[in-house]
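Visitor: Build me a model from this:
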Amino acid sequence: MKITEVRAFPVGVALDEPLRWGAMEVNSKGGIVVRIRTDEGFEGIGEAGFSSEYFSTVGPIINNQLGPMLIGRDPQDIAALWQEMLDATHMWGRRGIETYALSGVDIALWDLLGKVSGQPVYRLLGAAKSKVRAYFAPSLKAPHLVVEEAIQAVEQGFTAMKLRHGPDLKAGIDMVADVRDAVGPNIDIMVDANMAFDRREALTLARELEQLQIAWLEEPILSRSLTQYIDEHTWLSDRVSMNLAGGESLLTRFEYLDLLKRKTFDILQPDCTSVGGISEAKRVADMASSWNIDCVPHIACSSGTGIALAAGLHLILACENAPMIEYDAYGGPGWDGLLASAPLLKNGFLEATDAPGLGIELTTDAYGRFALQALPALL
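Guide: Residues are numbered from 1 along each chain as shown. Predicted coordinates for the structure are as follows:
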């Protein structure tokens, strides 16, 4: 079997109102789809990066460099292809935007391998479980709206949720307290501060949240370097009893080495679409397991294709130290017709199916309905 095509293209839909996560604001939901085809008629689907907004940089790397490297190669040689792609970008990025590109190709290769073998990816990785608890992740908005959405989430079957904390320290703490009052003591609440504070402010925040029985606080300290990221969050970890989570923006397992050695975080959050694909995310999760650290992979809520969610689901189902999955609160093209069947919540859990690969297929009109750029060769 040989690869005959590797192609990346952006898909998305406009939003009626923007969604906010920390300093990030998006006016559309979508992602970069990666499609790999073979001479035997198999097709694998992946996603690269957190959003379709990265296509201008990620897309050309896939379409003009990494993709042509793989033409004529056996798609089942995932480890060899992964290493060659990493080596090919060594001199001009190594752990930058090119890792997003590599990630999307890797995910598509795993989907393809599952379809060739007739097995779901989580079984190929070594199944640890068949379902995982999902948590609701609303965007940053007016506190009363967050409370309303939290109540609705509990009614839908969620038993956990992650709230976004804005730059106003007191307002954010009050919002979390209001949600706690609204949903009661039996719902797990996590808080993502999106690097909004210095370490003193983060310490104040963490000590206030400890009183509200928060399951974890995510990346509260603004950091401009990996050294600062590790040092500052380790400083915080040594001063509070609550769990800290982080690592969603780190790329490849090599950036996690000192983080693990210092035991900076209690929960690591690699993202399949950026860290290096399913292959590298599994390596990070296994490294975390050896240090008795949980792994709850990041799922970019700015996407909404359902592809990244499927990749994260299969990774988690193959990891004994991955207790939860982030679930997109607002849907997107994956639920509106991009995919024939998007992952769906059942009683607060996402469950595996026996469908081969990632269990996803693009609909026949996906390109025409959701493509953000005219790509005649894809239609």
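Visitor: what are the ranges of the strands in the stretch 1-150 of the chain?
Guide: 3-21, 24-38, 43-48, 131-137 (DSSP state E, counting those that start in this stretch).
Visitor: Would you mind giving the domain segments of the chain?
Guide: Using automatic domain parsing, the domain parsing of the chain gives 3-120+362-378, 122-351.
Visitor: Any chance of those domains in CSV with mean pLDDT and mean neighbour count as columns?
Guide: All C-beta atoms are positioned from the backbone trio N, CA, C, and that covers glycine. Output for the domains of the chain, formatted as CSV (pLDDT from 0 to 100; neighbours: other C-beta atoms under 10 Å):
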stretch, mean pLDDT, mean neighbour count
domain 3-120+362-378, 91, 19
domain 122-351, 95, 20
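Visitor: thinking again about what came up before, between the strands of the stretch 1-150 of the chain, which gets nearest to residue 161?
Guide: Checking those against residue 161 by C-beta to C-beta gives strand 131-137 as the closest, at 4.1 Å.
Visitor: and for the closest one, what are the contacting residues?
Guide: 149-150, 153, 156, 158-162, 188, 190, 301, 313, 316-317, 322-329, 345, 348-352 (C-beta atoms under 8 Å, 6 or more residues apart in numbering).
Visitor: what's the answer for stretch 76-94, then?
Guide: 1, 61, 65-66, 69-70, 73, 75, 98-99, 102, 105-106, 109-110, 113, 116, 252, 276-277, 279-280.
Visitor: Helices - which of the residues you listed land there?
Guide: Among those, DSSP state H puts 69-70, 98-99, 102, 105-106, 109-110, 113, 116, 277, 279-280 in helices.
Visitor: Out of these, give me the two with the largest separation.
Guide: Across the ones in helices among the contacts of stretch 76-94, the two lying at the largest distance from each other (C-beta to C-beta) are 98 and 116, at 26.6 Å.
Visitor: In this protein, what residue spans correspond to helices?
Guide: In the chain, helices defined by DSSP H lie at 55-60, 67-70, 78-88, 97-117, 121-125, 143-155, 169-183, 199-210, 226-237, 257-262, 272-275, 277-290, 307-317, 366-370, listed in chain order.
Visitor: can you redo those as a markdown table with distance to residue 5?
Guide: As requested, those are exported to a markdown table (distance: least, C-beta to C-beta, whole Å):
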| stretch | distance to residue 5 |
| --- | --- |
| helix 55-60 | 15 |
| helix 67-70 | 8 |
| helix 78-88 | 15 |
| helix 97-117 | 11 |
| helix 121-125 | 21 |
| helix 143-155 | 40 |
| helix 169-183 | 47 |
| helix 199-210 | 47 |
| helix 226-237 | 36 |
| helix 257-262 | 36 |
| helix 272-275 | 20 |
| helix 277-290 | 18 |
| helix 307-317 | 18 |
| helix 366-370 | 14 |
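Visitor: nearest to residue 48, of the ones you listed?
Guide: For residue 48, the closest of the helices of the chain is helix 97-117, at 2.6 Å, according to C-beta to C-beta.
Visitor: Would you mind extracting the C-alpha trace of that closest one into CSV?
Guide: Extracted in CSV, the C-alpha atoms of helix 97-117 (Å, rounded to 0.1, in the frame of the first residue of the first chain):
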residue,chain,number,x,y,z
ILE,A,97,4.1,25.8,14.1
GLU,A,98,5.5,22.9,12.0
THR,A,99,4.7,20.6,14.9
TYR,A,100,1.0,21.5,14.4
ALA,A,101,1.4,20.3,10.8
LEU,A,102,3.1,17.1,11.8
SER,A,103,0.3,16.5,14.3
GLY,A,104,-2.5,16.7,11.7
VAL,A,105,-0.7,14.2,9.4
ASP,A,106,0.0,11.8,12.3
ILE,A,107,-3.7,11.8,13.3
ALA,A,108,-4.7,11.1,9.7
LEU,A,109,-2.2,8.2,9.6
TRP,A,110,-3.7,6.6,12.7
ASP,A,111,-7.2,7.0,11.3
LEU,A,112,-6.1,5.4,8.1
LEU,A,113,-4.3,2.5,9.9
GLY,A,114,-7.5,1.8,11.9
LYS,A,115,-9.5,1.6,8.7
VAL,A,116,-7.0,-0.6,7.0
SER,A,117,-6.9,-3.0,10.0
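Visitor: how far is it from where the chain is centred?
Guide: Put simply, helix 97-117 sits 14 Å off its chain's centre (C-alpha atoms, centre = their mean, to the nearest Å).
Visitor: now the angle between helix 78-88 and that helix, please.
Guide: Following axes from the mean of the first three to the mean of the last three C-alpha atoms, to 10 degrees, one obtains 160 degrees for the angle between helix 97-117 and helix 78-88.
Visitor: when you give positions from now on, start the count at 4
Guide: Got it, first residue is 4 now, which makes that one helix 100-120.
Visitor: how much does helix 100-120 deviate in direction from strand 27-41?
Guide: Using the same axes, to 10 degrees, helix 100-120 lies at 50 degrees relative to strand 27-41.
Visitor: report the angle between the axes of helix 100-120 and helix 280-293?
Guide: Going by the same axes, to 10 degrees, helix 100-120 makes 100 degrees with helix 280-293.
Visitor: Make JSON lines out of the strands of the stretch 4-153 of the chain and add distance to residue 184.
Guide: Output for the strands of the stretch 4-153 of the chain, formatted as JSON lines (distance: least, C-beta to C-beta, whole Å):
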{"stretch": "strand 6-24", "distance to residue 184": "23"}
{"stretch": "strand 27-41", "distance to residue 184": "28"}
{"stretch": "strand 46-51", "distance to residue 184": "37"}
{"stretch": "strand 134-140", "distance to residue 184": "17"}
